[in-house]
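Engineer: Please find the sequence and the predicted model below.
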There are 2 protein chains.
Amino acid sequence: MDEVLLVNEVGPRDGLQNQKVLVARSDKLRLVRALVDAGVRSIEATSFVSPKAVPQMADADELFPLLPNAAQVDYSALVPNLRGLERARAAGVREVAVVLSATETMNQRNINMSLAQATAVCAETLQGAVGAGMRTKAYVAVAFECPFEGPVDPAIVLALVEQMVRAGAREVVIADTIGAADPRAVAKLMGRCAREWGADRLSAHFHDTRGFALANAWAAMEAGIRKFDSSLGGMGGCPFAPGAAGNLATEDLVLMATQCGFKTGIDLGLLRVAIALAEDLTHRKLGGRSAAWLDKQAQLQPVAGAV
Amino acid sequence: MDEVLLVNEVGPRDGLQNQKVLVARSDKLRLVRALVDAGVRSIEATSFVSPKAVPQMADADELFPLLPNAAQVDYSALVPNLRGLERARAAGVREVAVVLSATETMNQRNINMSLAQATAVCAETLQGAVGAGMRTKAYVAVAFECPFEGPVDPAIVLALVEQMVRAGAREVVIADTIGAADPRAVAKLMGRCAREWGADRLSAHFHDTRGFALANAWAAMEAGIRKFDSSLGGMGGCPFAPGAAGNLATEDLVLMATQCGFKTGIDLGLLRVAIALAEDLTHRKLGGRSAAWLDKQAQLQPVAGAV
């Protein structure tokens, strides 16, 4: 088999953004270093949003240029608009992502814009990024269910994906922001998107609110998706979306994908070291669905570098 | 959609068998009653094995005739051999299941027989059950990986399924006894079995050791399987198989299957009442991967009968 599965680690952004504690820049860099040491090669490092709205990411401008092994790792950053894009460009970002929620209410609550306004802002930001020679990604958030409006019509998601692709998004991430998707819905929506734009252009972002994240990931893999967001220890969850519990845990994704025959390049023993560090930094117990099993395996066979 | 998905609840057998505490017969009956009240219509109630080997099931002969709503519920029991079959018949059992492990070592460690001996004993027990007019089921245990021998060749599983079908098994349960299967392996093995004998003859039994149980269940559903074993609160795990953590939790299966459009007939609110009772009886915290989410939903919308 030996197919490659790309894990885009979102812990430093989606994870840390939702912690009550503010993690110091030097500690963020230690965490990213630990992820890189574990073999992670794609990391959503920060976001260039308003420091008032998201104080956890206020240090984006200073953090980004300090990220380790920048030649070997694809670091991306979220940008909300042209102003954020300009900050990202100045900080040396080479790949940016915009976020578009699929419903009126989610856009209103999250960024105080209508869906049409948000779509236009995302489109102009993508165009600006393309013009600046950056790689581009667009998230379609609450792509399955909105906490305010309920189930989302797949036709709306497909239309938004098309608009983001036309605006210059090299990759579109279908995001189940609140962890409400089920594998049948994933198979259907991701299958349709993959047929329309090719699985290569797509990525999936799941949350584990109901415990379905791995089942949803498998359904997406079956639809041909080979790029996934995940967060070490499951850290994260959207602060603006009620009920959005932790992200799909990176260790769960890596464990399952590896056993299914995919290559991720990530060492689970060293990933556990990064998770232990994240627990220290956030003063929280972290860990995905495989945590008990991984703990037991680590006791049986101590891994190099494990703490 | 509205396809039916059959949930075979194994908590009263696979679950209670693995508890340190001995649960009184009257309490077992309360638990079964709570399951029936929640809409469960297929229950593995007990096993007619040696009381010395499995003291938790020593009361099978007395328990079985007392099971509630026997006309509406399909109660089954495990029988290890003709002697167990005779006990089951005397107790009024109408459906029996035999268990055949797929490897030499697992059979040796579990029942002190070779694979060939175990196959012969299962076959004669099935034939006896058919002769007695009973419905029959055969488990192929450690069908993906054996804790002693490692990965199991699907060809061996297929051959054993065939032998069990020929011996009279109306249904064959492919059992991932130690929770080592991944969804790709499930898709492959269950797909082959379904093509060979028809999905109707098959059922799946998963454990959640690595957190893959729901992903595996979805892979099996995609292969056409519509019958699943599960245990309320995830209670259970084979005492003879190192590393066999809890069963696929009934509430996880019901929640995901229902959201995928299947009908199980099971009320999650009333199932939670049964889980709370099981926690009382076993002095253990139970609950599957959806527990936190179900707890939160219950707080938002109290369900009739919830404790």
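Structural biologist: On my side now, so go ahead. Note that the structure is a prediction, hence the values are computed from the model and not measured. Residues are numbered from 1 along each chain as shown, chains lettered A, B, ... in the order given.
Engineer: going forward, measure contacts and count neighbours with C-alpha atoms only.
Structural biologist: OK.
Engineer: Contact residues of chain A facing chain B?
Structural biologist: Residues of chain A lying close to chain B by CA under 8 Å from any CA of the partner chain are A:182-185, A:209-212, A:214-216, A:218-219, A:252, A:256, A:259-260, A:289-290, A:292-294.
Engineer: show me the contacts for the residue in the stretch 201-307 of chain A that chain B sits nearest to.
Structural biologist: Going by CA to the nearest CA, chain B is nearest to A:Ala215 of the stretch 201-307 of chain A, at 3.7 Å. Taking CA atoms under 8 Å, 6 or more residues apart in numbering or on different chains as the criterion, A:Ala215 is in contact with A:Asp182, A:Pro183, B:Phe212, B:Leu214, B:Ala215, B:Asn216, B:Trp218.
Engineer: quick one: the strand or helix carrying it to helix B:213-222, angle?
Structural biologist: Using DSSP states H and E, A:Ala215 maps to helix A:213-222. For helix A:213-222 against helix B:213-222, the angle by axes from the mean of the first three to the mean of the last three CA atoms, to 10 degrees is 40 degrees.
Engineer: Quick check: mean pLDDT of whatever helix or strand comes next after helix A:213-222?
Structural biologist: Using DSSP H and E, the helix or strand that follows helix A:213-222 towards the C-terminus is strand A:227-230. For strand A:227-230, mean pLDDT rounds to 98.
Engineer: and after strand A:227-230, which helix or strand comes next?
Structural biologist: Of the helices and strands lying after strand A:227-230 in sequence (DSSP H and E), the nearest is helix A:250-259.
Engineer: Show me what counts as buried in stretch A:71-79.
Structural biologist: Residues A:Asp74, A:Tyr75, A:Ser76, A:Ala77, A:Leu78, A:Val79 are the ones in stretch A:71-79 that count as buried (16 or more other CA atoms under 10 Å in any protein chain shown).
Engineer: go on, stretch A:197-217?
Structural biologist: A:197, A:199, A:201-217.
Engineer: three-state assignment of A:Trp174?
Structural biologist: Not quite, residue A:174 is Ile, not Trp. Assigned with DSSP: H, G, I helix; E, B strand; the rest coil, A:Ile174 falls in the strand class.
Engineer: Surely it touches A:Leu202?
Structural biologist: Yes. Counting by CA atoms under 8 Å, A:Leu202 is a contact partner of A:Ile174 at 7.4 Å.
Engineer: What residue in the stretch 51-200 of chain A comes nearest to chain B?
Structural biologist: Closest point on the stretch 51-200 of chain A to chain B, by CA to the nearest CA, is A:Arg184, at 5.5 Å.
Engineer: distance of that residue from B:Arg192?
Structural biologist: Look at A:Arg184 and B:Arg192: by CA to CA, to the nearest Å, they are 21 Å apart.
Engineer: what about the two, which has more around it?
Structural biologist: Of the pair A:Arg184 and B:Arg192, A:Arg184 is the one with more neighbours under other CA atoms under 10 Å in any protein chain shown, namely 21 against 17.
Engineer: Quick check: pLDDT value at the residue lying closest to the more buried one once chain neighbours are set aside.
Structural biologist: Nearest residue to A:Arg184, sequence neighbours excluded (CA to CA, 6 or more residues apart in numbering or on different chains): B:Cys260, at 5.5 Å. pLDDT, B:Cys260: 98.
Engineer: what's around B:Cys260, how many residues?
Structural biologist: 18.
Engineer: Quick one: residues in contact with stretch A:80-90.
Structural biologist: Against stretch A:80-90 from outside (CA under 8 Å, 6+ apart): A:48-49, A:61, A:77, A:79, A:96, A:98-99, A:121-122, A:124-125, A:128-129, A:132.
Engineer: what are the bridge partners for the closest residue to A:Arg13 other than its chain neighbours, then?
Structural biologist: In this structure, A:Arg13 finds its nearest non-sequential neighbour in A:Thr46, 4.7 Å apart by CA to CA, 6+ apart. Listed beta-bridge partners, A:Thr46: A:Ala77 (assigned using DSSP bridges).
Engineer: pretty sure A:Thr46 is in contact with A:Ala77, am I right?
Structural biologist: Yes. The criterion here is CA under 8 Å, and A:Thr46 meets it with A:Ala77 at 5.1 Å.
Engineer: Please list all residues in contact with A:Lys227.
Structural biologist: For A:Lys227, the contact set (CA under 8 Å, 6+ apart) comprises A:Leu5, A:Leu6, A:Val7, A:Asn8, A:Leu202, A:Ser203, A:Ala204.
Engineer: quick one: low-confidence ranges for chain A?
Structural biologist: A:1-2, A:238-244, A:301-307 (pLDDT under 70).
Engineer: what about A:Glu62, helix or strand, and which?
Structural biologist: Per DSSP H and E: helix A:60-63 holds A:Glu62.
Engineer: For that helix, buried residues please.
Structural biologist: Residues A:Ala60, A:Asp61, A:Leu63 are the ones in helix A:60-63 that count as buried (16+ other CA under 10 Å).
Engineer: Identify the residues contacting the first one.
Structural biologist: This means A:Ala60. Here A:Ala60 is in contact with A:Thr46, A:Ser47, A:Phe48 (CA under 8 Å, 6+ apart).
Engineer: C-terminal to the lengthiest helix in chain A, what's the next element?
Structural biologist: For chain A, the longest helix by residue count, based on DSSP state H, is helix A:115-131. Next helix or strand after helix A:115-131 toward the C-terminus (DSSP H and E): strand A:135-141.
Engineer: what sits opposite the residue lying closest to A:Thr119 once chain neighbours are set aside in the beta ladder?
Structural biologist: Excluding the flanking residues, the one nearest A:Thr119 by CA to CA, 6+ apart is A:Leu100, at 6.5 Å. The residues listed as beta-bridge partners of A:Leu100 by DSSP bridges are A:Val140.
Engineer: A:Leu100 contacts A:Ala138, correct?
Structural biologist: Yes. At 7.3 Å, A:Leu100 counts as touching A:Ala138 under the criterion of CA under 8 Å.
Engineer: Could you pull out the residues contacting both of the two?
Structural biologist: Contact criterion CA under 8 Å, 6+ apart; residues shared by A:Leu100 and A:Ala138: A:Cys122.
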